[in-house]
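>>> structure for this input, please:
(2 chains)
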Amino acid sequence: MIDFEDVASAVGRLSAMFAGDGAALRLTAVDENLGSVELALALEDVDCADCVLPPEQLLDVVNGALRRDVPGLRDLRLHDPRALALATNMTASSKPSLSTLSTPPVGPKDTLTVVDPTGDIDPGNSDPGPDAGPLAGRRVGFRVDVLWPAWDWTVEEWTRELAGAGAVVASWRRAQGLKGAEGERKQAEYDAFVSGADVLISGLGNCGSCTSWSVKDGLAGLNRGLPSIVAATAHFETLARTLAAEQGRSGLRLIVLPFSLHTLSEQEVRAHARALFPRLLENLGATVS
Amino acid sequence: MTATTPAPASRAARVEAPADPEDFEAFARARGWGDGLPLVPPTPRRVDRYLAVSGLRPDDVVAVLPPSGAACTAEKLAVNAVMAGAPAEAMPLLRAVVEATADPAFELHALNATTGSVTPAVVVNGPVRHRLEIPYGAGCLGGADGSAPAIGRALRLVMRNVAGQRIGVTSQSTFGQPGRVAGIVFAEWEERSPWAPLAERRGVAGDAVTVFGAMGTANICEVTARDPDVLLRFIGRALAHTGANGFLVQLSFAEVLVALNPVWAQLIGQAYPDVEDVQRLLWEHASVPLSEWPEQHQRQFEDIGWVDERGRVRLTRRWQDVIVTVAGGLGGLHAAALHSWGTTITQTRPVPALPTSAGQEPAAAALTAPERG
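Down below sits the predicted model:
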């Protein structure tokens, strides 16, 4: 047995993870008695369908999250239009457009009771926090790191634009993994930096651990009620969204840099940064005069 | 049809699952519970037996684990230990390891997300090595019979099912490593070591675990040296391969764990009865001449002051970060190196004693309530 409301709520949280790409998960059918759920991936508002998680990975993510949130779920079907396109181009071993994960039917004599091994996750909320609004005269804080020179170049470009629009820009550099007294001192320094900002931009998610750190530091702003956004490169977008959701803030704003920064020249990175500036403002809900 | 049934108060959900082993595998896999190897169904009876051995209440929180932020309760730990096939008597050891990995200094949130291949490796000290048959001799890092793989696997299942480490999603590990399936769990051969046990040197005597963020295991072979200084020089230099994370200028520190076989340990121990001298020598030798690096790396090392007075770059910042243990077969000839991922600080914890009888009141050790970071 599953409950429709539980399913709808879980799907809503999942869908929010893909909102940054313009994609959505739609609940198309629920059988509460059979424990089956059908979903459809909506890509009408998506500029780049390939930027959304690939079909197999998407199914894995959706399956894992729904199994966790809806323990009675037995049968999951996910209609993914990209898988349909794939099937059209395939022959004998064609991949079905309907991704399914189901388990064999179980009769009452064939069952045993087991204890769920998974952890209980706080569903949190999908509030992205306040819009930044007009930036003139506001203090914009960039959280940078010691890993990616390309992120420094990007921040320099955006700083120029923001300063030109009248914002007061500052930056703070995170050295990952400092421990002990030095670590505590740096963390206190960062907390003070966030306290002194009106808008927070944290990056860069361009590897696994640095994405985790960028999200963690971005959430420090969001959880204080600041307009906050995390920058991540395309490959690490899903990780960033998942980490934010698992820390109870699935609505965390992201600015996705659609390239792998460490393989581009400085000139190319700066050009991309300038081109992305309007997207940064849009995702932050910010305006400049 | 599968259904969930109400769990007793403060207990994990109960789920109706297929009894047939193959069907259970499919059932568990569809829920993302497994790693591809067969799982033991975690029936309430089995789980309760493990809980009784642990001396903990089901809802006692062992640790809160990132990235999920979920509480690893004693019951969740027991469920995953059952599924992995770990012995019930390993529950106190598993508890100690989970507590160690959850220490903020171990930086589990980043370790679970990284593109690196890191996994927590566990070195066991004390009589518990014998009770749990954790290998410390021949083949101790893999292949020896005993409970180490099942204990390691239990920890991996906890990471998957409770901490929420999912490959390609919350874990971006480019390659992973075999230790991400059954862990890396081995013991120190204390009886053959010329030095005090590793955990005791780190402040915990008796039954203890030392948890280290390991990128994998690397073999170091030498068949001619009879001089301990030559051996230490050879081993130290072999530790310093230029692709090791310790040479990333972005990392504030690194560690390396060296397992010396008992034959070499005896030879070295006669010359250096203080293990700290061994650590210092290995640290000195675990370095690479600046000239061997590409120019851009040379500039980076010079800029941050990592080039020593000999014109070499060291693998770790401090001699204390070269951790020495004794394990392996009496055939000698090899050492094992476990390089750290980076910003994880090795943790050592005592292993709580087993309750004198199953089902007694929970152990007196204080357990913290879950907190969100």
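
>>> skipping adjacent residues, who's closest to the residue in the stretch 1-150 of chain A positioned nearest to chain B in space?
In the stretch 1-150 of chain A, the residue that lies nearest chain B is residue A:119 (2.6 Å; C-beta to the nearest C-beta). For the C-beta atoms, the positions are set from N, CA and C on the backbone; glycine is no exception. Leaving aside its chain neighbours, residue A:119 sits nearest to residue B:70 (2.6 Å; criterion: C-beta to C-beta, 6 or more residues apart in numbering or on different chains).

>>> tell me the spacing between the one you found and residue A:7.
Distance of residue B:70 to residue A:7, computed by C-beta to C-beta, to the nearest Å: 21 Å.

>>> surely residue B:339 is in a strand?
Yes - checked against DSSP: H, G, I helix; E, B strand; the rest coil, residue B:339 lies within a strand.

>>> over to the closest residue in space to residue B:39 that isn't next to it in sequence. Which of the three states is it?
Spatially, and ignoring its direct neighbours in sequence, residue B:39 is nearest to residue B:83 (4.5 Å; C-beta to C-beta, 6+ apart). For residue B:83, the assignment made with three-state DSSP gives helix.

>>> and if you look at the one 10 residues further on?
With three-state DSSP as the basis, the three-state label of residue B:93 is helix.

>>> so what's the residue count around the residue nearest to it when sequence neighbours are not counted?
Closest residue to residue B:93 apart from its sequence neighbours, by C-beta to C-beta, 6+ apart: residue B:351 at 4.9 Å. Residues lying near residue B:351 (other C-beta atoms under 10 Å in any protein chain shown) number 24.

>>> kindly report the same for residue B:22.
The tally of other residues near residue B:22 (other C-beta under 10 Å) stands at 10.

>>> and for residue B:299?
Residue B:299 sits with 11 neighbouring residues when counted by other C-beta under 10 Å.

>>> for the residue positioned nearest the centre of chain B, which three-state class applies?
The centroid of chain B falls nearest to residue B:121 when counting by C-alpha atoms, centre = their mean (1.8 Å). Classification of residue B:121 using three-state DSSP returns strand.

>>> that one bridge partners, please.
Under DSSP bridges, the beta-bridge partners of residue B:121 are residue B:184, residue B:212.

>>> do you know how far residue B:319 is from residue B:127?
Separation of residue B:319 from residue B:127 (C-beta to C-beta): 30 Å.

>>> list the buried ones in the lengthiest helix in chain B?
If you go by DSSP state H, chain B has its longest helix at helix B:148-161. By neighbour count on 16 or more other C-beta atoms under 10 Å in any protein chain shown, the buried set for helix B:148-161 is B:148-161.

>>> which pair in those residues spans the largest distance?
Spatial extent of the buried residues of helix B:148-161 (C-beta to C-beta) is set by the pair B:148 and B:161 at 20.3 Å.

>>> using PDB, write out every CA atom in stretch A:35-47.
C-alpha atoms of stretch A:35-47 as PDB (Å, rounded to 0.1, in the frame of the first residue of the first chain):
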ATOM      1  CA  GLY A  35       2.200   0.200  -5.000                       C
ATOM      2  CA  SER A  36       2.800   1.300  -8.600                       C
ATOM      3  CA  VAL A  37       3.800   4.700  -9.800                       C
ATOM      4  CA  GLU A  38       4.100   6.200 -13.300                       C
ATOM      5  CA  LEU A  39       6.000   9.400 -14.000                       C
ATOM      6  CA  ALA A  40       6.800  11.400 -17.100                       C
ATOM      7  CA  LEU A  41       9.800  13.600 -17.700                       C
ATOM      8  CA  ALA A  42       8.600  16.900 -19.100                       C
ATOM      9  CA  LEU A  43      11.200  18.600 -21.300                       C
ATOM     10  CA  GLU A  44       9.100  21.300 -23.000                       C
ATOM     11  CA  ASP A  45      10.900  24.100 -21.300                       C
ATOM     12  CA  VAL A  46      14.400  22.600 -21.600                       C
ATOM     13  CA  ASP A  47      17.000  24.300 -23.800                       C
END
